[in-house]
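1. No sequence on hand, only this structure:
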């Protein structure tokens, strides 16, 4: 069953057109790599899927809801409830410990302090950074920050995790181990995963890959063919 789709999406987040009619379908629970060189449109497509970039044409649909049709407050609520986001540098709040960063989505969703702390701690343990839970982001390695960012993206049990160049600051062995953890964690929760990257090795960890060139998906999407 299709959970998240982009249909003929055109997007211009800057002065140039980054997407030129991109199509994509993501099924519930599957993992997909958006693969492309810099300026190919992978990050822009990911941001459209997250509702952070509004297409000038086409539609992004999450479980039957057109994200562009939502008011900002409703879109923020959908993002908090349904999506988990991972950015290239982890994007953790520098003044909060790893544990406090991971707790944030649950706290914002109204969970009790004890529940938020317990779930956040469990996920940090799962992502192999539990020993550093009380440290600030600048006190741990890039790999630990990224794994904490994944824990934060998963702690509220979203239906989709969207990760932009999550291995960009890691060396090859670290990237391999990180992707193993990321895919296993999302699979265990039944969460769909979409990763935007220029690293072809990342695609080997996911169920399938689609290639973007010049703002278009070049790899055919079987479900969308006539």
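-> Noted; the coordinates are in hand. Because the structure is predicted, anything quoted here is derived from the model rather than measured.

2. Pull up the gap between the residue nearest to residue 108 when sequence neighbours are not counted and residue 45, please.
-> In this structure, residue 108 finds its nearest non-sequential neighbour in residue 80, 6.2 Å apart by Cβ to Cβ, 6 or more residues apart in numbering. Just so you know, the C-beta spots here come from the backbone N, C-alpha and C atoms, and that holds for glycine as well. Residue 80 sits at a distance of 21 Å from residue 45 (criterion: Cβ to Cβ, to the nearest Å).

3. Repeat that for residue 28.
-> From residue 28 to residue 45 the distance is 19 Å (Cβ to Cβ).

4. in the chain, which spans are helices?
-> 42-49, 72-82, 98-108, 113-126, 142-154, 172-189, 200-203 (DSSP state H).

5. Now do the contacts for the residue most central in space within the chain.
-> For the chain, the residue sitting closest to the mean C-alpha position, by Cα atoms, centre = their mean, is residue 162 at 1.4 Å. Going by Cβ atoms under 8 Å, 6 or more residues apart in numbering, residue 162 touches 46, 49, 50, 83, 84, 85, 86, 194, 196.

6. I'd like those residues laid out as a markdown table, including neighbour count.
-> Compiled in a markdown table, the contacts of residue 162 are given as follows (neighbours: other Cβ atoms under 10 Å):
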| residue | neighbour count |
| --- | --- |
| 46 | 24 |
| 49 | 25 |
| 50 | 21 |
| 83 | 23 |
| 84 | 27 |
| 85 | 20 |
| 86 | 23 |
| 194 | 24 |
| 196 | 26 |
